[in-house]
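Undergrad: Output the structure for:
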Amino acid sequence: MKPAPYGPFPYSPIITRPKLEWPNGARVALWVIPNIEFFSLAEKIPAYPNAKLPDVANWSARDYGNRIGVFRFMETFDKYGVRGTVALNSDVCLHHPIIIEEGNKRNWEWMGHNKTNTKRLTDYPEAEEHGVIKEVLDTIGRVSGKRPVGWLGSGLTESWNSLDHLAAEGVEYVCDWTNDDQPYVMTLESGKKILSVPYSHDINDIPAFERHNRTADEFRDMICRQFDTLYKEGAQSGRVMAIALHPYLTAKPYRIGALDAALAYIFSHKGVWNTTGSEIARHFNSQQK
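TA: I've put the predicted structure just below:
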C-alpha cells in the first residue's frame, strides 16, 4: 500500500455493521495465540538495544519458554481443547523442531512471525522483504507440513509494502492491526484482499507483565473482564477475543495457574467458539457478499 493517513479499508463504526454470525450461534470467537520465538544469542534483543553481547540474562529468560514453558502451555491448553494459533519464528523450525512435532500432534495452527524475533520486517532493505516473507512461510510449511495462511509481524511491525508481499504469497489474514473486535477486509492496490483478524495489545502478557507490572492474578482478571464485555456485546453481533501469550512469561510456574483459571472461567459459558485464526478468517469471509 502507498503511504496514506488511513489504512487500506474504510472507516467502519461498529454500530452501523450488519450482524456477524458465528457457528452454532456463538457470541465470542476465542483464539489463543502463543508467540513461539527464537532469539539469536549473537544478536541484540530489540527490547534491550544497549545490552552487550552475549546478553545471557535476557536471552536465557526467553529460552526458558522454548525449553519448558511451551510444553506447560500444551498441557494447559489440552485441558480445554484449545488449539493454539502459533505466531512462529521460522528459525524455531530449524533449532527446536520438537516444538513443531508436539504442536502438530495437537493440530495447532502455525502463523508466520518472521525468521527470528531479533529482526523485524522493517529492519530489512525494501528489496529483501518479499524474499524474507517467502522464506519464512516456506520453512514453516516444509517443517510443519502446512504452509501458513496467517501472519503476525514480530513486534507487530509492517512496512508500507508488507501487506502486498503477504497477499502475493497467499496469506489470507494478518493480525498486526489491533483496531477492532471483529475481522475486516483490507483491499490493496493490486486488487488483492487480505483480512485483519483481531489481536490484542492489552490481553497480551508482554505489556501486562513487562510494561505495566501486572500480577498473575491481575492478568487473569483482565482476561475475564475482557471476556465478560465481549460476551455481552456478542449477543447482538459476534465478537473476537484474542489471548496473546509468550511461554517465557505466562508459562512460568507461578503464573500458569492464572491462565488455567481464566480459561476455566471462559469455558464455563455457553456460546464460546473455541477456534483458530484461519477458521475465524474463513468463516467471516464466507459471510461477505
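Undergrad: Quickly find the element holding V86.
TA: V86 is part of strand 85-88, with elements assigned from DSSP states H and E.
Undergrad: Pull up the pairing partners for that strand, direction included.
TA: In the sheet, strand 85-88 lines up against strand 28-36 (parallel), strand 109-112 (parallel) (DSSP bridges).
Undergrad: Mind checking what helix or strand follows that strand in sequence?
TA: helix 90-95.
Undergrad: Contacts for that next one, please.
TA: Helix 90-95 has contacts (Cβ atoms under 8 Å, 6 or more residues apart in numbering) with 36-38, 40, 66, 99-100, 112-116, 135-137, 139-140, 142-144. No exception for glycine: its C-beta is placed from N, CA and C like everyone else's.
Undergrad: What about these, which are in helices?
TA: Applying DSSP state H to these, the entries found in helices are I99, I100, E135, V136, L137, T139, I140, R142, V143, S144.
Undergrad: And those residues, which is closest to R214?
TA: R214 lies nearest to I99 out of these, by Cβ to Cβ, at 26.7 Å.
Undergrad: Please list all residues in contact with the closest one.
TA: I36, N66, V70, V92 are the contacts of I99 under Cβ under 8 Å, 6+ apart.
Undergrad: Now render these as JSON lines, adding neighbour count, distance to L263 and pLDDT.
TA: Listed next are the contacts of I99 as JSON lines, based on neighbours: other Cβ atoms under 10 Å; distance: Cβ to Cβ, whole Å; pLDDT from 0 to 100:
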{"residue": "I36", "neighbour count": "28", "distance to L263": "18", "pLDDT": "98"}
{"residue": "N66", "neighbour count": "21", "distance to L263": "22", "pLDDT": "98"}
{"residue": "V70", "neighbour count": "25", "distance to L263": "16", "pLDDT": "98"}
{"residue": "V92", "neighbour count": "26", "distance to L263": "24", "pLDDT": "98"}
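Undergrad: Check those and tell me the two furthest apart.
TA: V70 and V92 (9.4 Å).
Undergrad: list residues touching both of these two?
TA: I36, I99.
Undergrad: what about the helices in the protein?
TA: With DSSP H as the criterion, the chain has helices spanning 56-64, 70-80, 90-95, 97-105, 126-144, 162-168, 205, 216-233, 256-266, 277-286.
Undergrad: average pLDDT for the shortest one?
TA: Across helix 205, pLDDT averages out at 98.
Undergrad: how far out from the middle of the chain is it?
TA: 12 Å (Cα atoms, centre = their mean, to the nearest Å).
Undergrad: for the fourth one, same thing?
TA: The offset between the C-alpha centroid of helix 97-105 and the centroid of the whole chain comes to 18 Å, using Cα atoms, centre = their mean.
Undergrad: since we're on I98, how many residues are nearby?
TA: Residues lying near I98 (other Cβ atoms under 10 Å) number 10.
Undergrad: Could you identify the buried members of the ones in helices among the contacts of helix 90-95?
TA: Listed as buried from those are I99, I100, V136, L137, T139, I140, V143, S144; burial here means 16 or more other Cβ atoms under 10 Å.
Undergrad: distance of the closest residue in space to the fifth one that isn't next to it in sequence from K119?
TA: In space, not counting the residues next to it along the chain, T139 is nearest to S90; the distance is 4.0 Å by Cβ to Cβ, 6 or more residues apart in numbering. Remark: distance between S90 and K119 (Cβ to Cβ, to the nearest Å) = 12 Å.
Undergrad: who has more neighbours, these two?
TA: S90 (25 against 19).
Undergrad: could you list every residue that touches N107?
TA: N107 neighbours (Cβ under 8 Å, 6+ apart): R83.
Undergrad: now, which of the contacts of I99 sits nearest G7?
TA: Comparing these against G7 with Cβ to Cβ places I36 closest, at 27.8 Å.
Undergrad: May I see the buried residues of stretch 225-240?
TA: Neighbour count says stretch 225-240 has Q226, F227, L230, Y231, G234, S237, G238, R239, V240 buried, by 16+ other Cβ under 10 Å.
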